[in-house]
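Peer 1: I would like to see how this sequence folds:
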Amino acid sequence: MRRFTAALFLLGLGVMIAAIYQHIDFGNTSVNAGQAINAVAAQETGAANFVTSVVLAYRGIDTLLELTILFTAAMIGGMVLGRRRADAPRDPDAGFILRTGADLLFPLLLVVGLYIILHGHLTPGGGFQGGVILASAFFLPLLARPGITLIDQRIVSLVEGLAGATFILIGLLAMFDGKEFLTPLLDKGELGALISAGSLPILYLAVGIKVGSELAGLLAHLAEAEALD
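Peer 2: Numbers count the residues shown, from 1 in each chain. From the prediction side, this is the model:
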């Protein structure tokens, strides 16, 4: 039965791909969306990095759905992993070099992660990339010193929830002002300046904190989890 359903799925996928290929003229396809965004993004959003304009303004709902998928995956991962048994032996600490390296990298990764988040509207980077770096900053000490309590899951959940609520609230404020969801608010400022692009840096900060807290919590579960009898 499993082979039959797999073959049926592959057959349907093949038919869908064939139908798509029949209706796309690859040689003469005109892509106008990118040109239109390049022409108006600077004036409409004030962001020097047009990718940020797309991620947070023109397709902000898609970004919100991506955050929802990440949240769901992290939540289910934490539920499946379970907790370490009370009588489980504690893993030994890493060597002096690895422990020292983790201690030195912790503040560095925090600074780099925040830098990438806060400059996401100016240069390549942003909330997703910076959030992963923030999560790794908290995960490295867990690898070097198994068993330490560096992350309080209750605080992580609270921070993650507030960051997600901030993202949605900014989008709703735009709608209350008669604009589309997640339309950039506040003064756009000078193009290329750190304080510019209106509310987009705030959105990226919310994304970075949300992504970082979710991944940090999931990685902490991975470090503490052990198969139950």
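Peer 1: you'd agree residue 45 is up against residue 196?
Peer 2: No. Contact between residue 45 and residue 196 fails when scored by C-beta atoms under 8 Å: they sit 9.5 Å apart. All C-beta spots, glycine's among them, are computed from the backbone N, C-alpha and C.
Peer 1: tell me the contacts of the spatially most central residue of the chain?
Peer 2: Geometric centre of the chain, nearest residue: residue 128, 3.5 Å, by C-alpha atoms, centre = their mean. By C-beta atoms under 8 Å, 6 or more residues apart in numbering, the contact set of residue 128 is 207, 208, 211.
Peer 1: and of these, the nearest to residue 3?
Peer 2: Closest approach to residue 3 among the contacts of residue 128 (C-beta to C-beta): residue 211, at 38.8 Å.
Peer 1: tally of neighbours for that closest one?
Peer 2: Residues near residue 211, counting by other C-beta atoms under 10 Å, number 28.
Peer 1: so who does it touch?
Peer 2: Residue 211 touches 67, 70, 127, 128, 131, 132, 134, 135, counting by C-beta under 8 Å, 6+ apart.
Peer 1: quick one: the third one and residue 117 touch, right?
Peer 2: Translated: residue 127. Yes. Using C-beta under 8 Å, residue 127 is in contact with residue 117, at 5.6 Å.
Peer 1: shared neighbours of those two, which are they?
Peer 2: 204, 205, 207, 208.
Peer 1: who has more neighbours out of residue 127 and residue 117?
Peer 2: Ranked by neighbour count (other C-beta under 10 Å), residue 127 and residue 117 place residue 127 first, with 30 against 27.
Peer 1: quick one, what contacts the more buried one?
Peer 2: With C-beta under 8 Å, 6+ apart, residue 127 has these contacts: 117, 120, 203, 204, 205, 206, 207, 208, 210, 211.
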